[in-house]
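Engineer: model the structure of this input:
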Amino acid sequence: MNTSPAPPTAPAADTPVLCVGEIGLDDACALLGGYGLHLHRIEDGAAIPGSYWGEPEAGIIGCDVYVRNDTPVHSMLHEACHLIVLPQDKRAAVHTDATDSVEEEDATCYLQIVLAERLTGVGSARLMRDMDTWGYTYRLGSTRAWFEQDAEDARAWLIARGLLPG
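Structural biologist: This next block holds a predicted model:
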């Protein structure tokens, strides 16, 4: 398994990650909308529907992704990508937990890094740093090392399903 099953932990105050409230959501809404998803911003302090790890992590229910201003951007993309990698007919049944497949989890991590390039002010390099800061773990020691040297299976999985160009 490439990613750790342990729950992410919030970083120390001196190692911030980029949060939804720090980016414009127009790009994110358009990006997710292109995959048939709907992004919903929840009021600060309110419970996030469909959050697997709990606040401030993003939540998913069906084709809906829920975030607050303090939701990390990597979490928004990760949960959205869980829905993107699923066939559309399976999305409607998703509530909180999208998969138990290692292949889908790896593809989700890969795709969130790729899609970060399409968000103004985010980019793949920032997203990978934030993933490391938040506690994602990979057998090569960092998100970047995994993405560049050990993720060919995740990329091939996405290509085979038409989610990335070949």
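
Engineer: low-confidence regions, this structure specifically.
Structural biologist: 1-15 (pLDDT under 70).

Engineer: other residues contacting the lengthiest helix in it?
Structural biologist: If you go by DSSP state H, the chain has its longest helix at helix 102-116. Helix 102-116 has contacts (CB atoms under 8 Å, 6 or more residues apart in numbering) with 1-3, 31, 73-74, 77-78, 80-82, 84-86, 98-99, 122-124, 126-128, 131, 136, 143, 146-147, 151, 153-155, 157-158, 163-164. In short, each C-beta sits where N, CA and C put it, glycine included.

Engineer: correct me, but Arg68 touches Arg41?
Structural biologist: Yes. The pair Arg68 / Arg41 is scored as a contact, 6.9 Å apart, by CB atoms under 8 Å.

Engineer: between these two, which is the more surrounded one?
Structural biologist: Arg68 (24 against 15; other CB atoms under 10 Å).

Engineer: how about the closest residue to Tyr66 other than its chain neighbours, what does it touch?
Structural biologist: Counting by CB to CB, 6 or more residues apart in numbering, Gly59 is the residue found nearest to Tyr66 once chain neighbours are left out, at 4.1 Å. The contact partners of Gly59, taken as CB under 8 Å, 6+ apart, are Ile48, Pro49, Gly50, Ser51, Tyr52, Val65, Tyr66, Val67, Glu79, Thr96.

Engineer: which residues does Gly59 bridge with?
Structural biologist: Beta-bridge pairing for Gly59 (DSSP bridges): Ser51, Tyr66.
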